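Undergrad: The amino acid sequence is not available; the structure is as follows:
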């Protein structure tokens, strides 16, 4: 009788041990599944990747200010410059804010001069240019941001003006050396609006085209530029300007370029 009781007790103990081992294995498997489930989840769709909460937009553009009331003059007498656009995007608002900086040659001349370089007289070419420059703050609203076709509108304000710059290239060399600080600078406040289009050709890359109209305060579109006929060149190649001439800035600007979202 005692032998049977011992056998029953032993069998009951074995069943309890097996039950405890089974519960332990189930708990381990559940913990392992909980840890691996996020790793095996599906990747976010491309739309979610494009519409991140925050990103930065950087654009590099070829620009041309239109010297008249139509675009045909740009093709007849092209004058090009460069612009850099930086914008910060936040999905909580409908506008993206940023800055736009650019410059464009608007006139100048090249001349051959002789300068003294370390006690030696050398010939060189002096490049003198009046540059049209701008610095603007932008507010942009972009439509259809989850598509490859993204029209946008902008409002902007800042300064636009001119400065005189000079570079010297000595014979036998390729480097353009600045000969002195900017000898002349003039600027006025301006503002305006623009419309453009971004065409996506990658997850983060775009071709951008933009057409802008500019406004100024009274007579603000008239700037002073250094008169090329009255620029004085020193013996060391330094450039100075004491005579200016009025230039009425064009009311339109066009640009095309590349942009990326970071």
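TA: Done, it's in. Values in this document were obtained by computation on a predicted structure and should not be read as measured data. Residues are numbered from 1 along each chain as shown.
Undergrad: OK, contacts around residue 113?
TA: 123, 124, 125, 126, 168, 233, 237 (C-beta atoms under 8 Å, 6 or more residues apart in numbering). Every residue, glycine included, has its C-beta placed from N, CA and C.
Undergrad: Save the residues you listed as JSON lines, and put in secondary structure too.
TA: Putting the contacts of residue 113 into JSON lines (DSSP: H, G, I helix; E, B strand; the rest coil) gives the following:
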{"residue": "123", "secondary structure": "strand"}
{"residue": "124", "secondary structure": "strand"}
{"residue": "125", "secondary structure": "strand"}
{"residue": "126", "secondary structure": "strand"}
{"residue": "168", "secondary structure": "strand"}
{"residue": "233", "secondary structure": "strand"}
{"residue": "237", "secondary structure": "coil"}
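Undergrad: Between all of those residues, which two are separated the most?
TA: 123 and 233 (13.6 Å; C-beta to C-beta).
Undergrad: Now residue 169: closest residue in space that isn't a chain neighbour?
TA: In space, residue 169 comes closest to residue 125 once its chain neighbours are excluded; the distance is 5.0 Å by C-beta to C-beta, 6 or more residues apart in numbering.
Undergrad: Hmm, residue 114 and that neighbour touching each other?
TA: No: applying C-beta atoms under 8 Å as the test, residue 125 and residue 114 come out as separate, 11.1 Å apart.
Undergrad: the more surrounded of residue 123 and residue 233?
TA: residue 233 (16 against 11; other C-beta atoms under 10 Å).
Undergrad: residue contacts, the more buried one?
TA: Listed by C-beta under 8 Å, 6+ apart, the contact set of residue 233 reads 111, 113, 126, 239.
Undergrad: what do you get for residue 198?
TA: Residues counted as contacts of residue 198 (C-beta under 8 Å, 6+ apart) are 142, 150, 151, 152, 206, 207, 208, 259.
Undergrad: So which of the contacts of residue 113 is surrounded by the most neighbours?
TA: residue 168 (24 neighbours).
Undergrad: if we can go back for a sec, okay if I get the contacts of residue 233 as JSON lines plus pLDDT, secondary structure and distance to residue 187?
TA: Formatted as JSON lines, these follow (pLDDT from 0 to 100; DSSP: H, G, I helix; E, B strand; the rest coil; distance: C-beta to C-beta, whole Å):
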{"residue": "111", "pLDDT": "87", "secondary structure": "strand", "distance to residue 187": "27"}
{"residue": "113", "pLDDT": "86", "secondary structure": "strand", "distance to residue 187": "29"}
{"residue": "126", "pLDDT": "87", "secondary structure": "strand", "distance to residue 187": "25"}
{"residue": "239", "pLDDT": "86", "secondary structure": "strand", "distance to residue 187": "19"}
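Undergrad: List the pairing partners of the helix or strand in which residue 135 is found within its sheet, with orientation.
TA: In the assignment (DSSP states H and E), residue 135 maps to strand 120-142. Counting by DSSP bridges, the strands paired with strand 120-142 are strand 96-117 (antiparallel), strand 149-170 (antiparallel).
Undergrad: how far is whichever helix or strand comes after the last one from where the chain is centred?
TA: Past strand 149-170, further along toward the C-terminus, the next helix or strand under DSSP H and E is strand 177-178. The gap between the average C-alpha position of strand 177-178 and the chain average comes to 27 Å, counting by C-alpha atoms, centre = their mean, to the nearest Å.
Undergrad: Distance across stretch 212-225, terminal residue to terminal residue?
TA: 23 Å (C-alpha to C-alpha, to the nearest Å).
Undergrad: Now do the buried residues in that stretch.
TA: Residues of stretch 212-225 classed as buried by neighbour count (16 or more other C-beta atoms under 10 Å): 212, 214, 216, 220, 221, 223, 224, 225.
Undergrad: what's the closest of those residues to residue 83?
TA: Distances from residue 83 to those, taken by C-beta to C-beta, are shortest for residue 212, at 10.7 Å.
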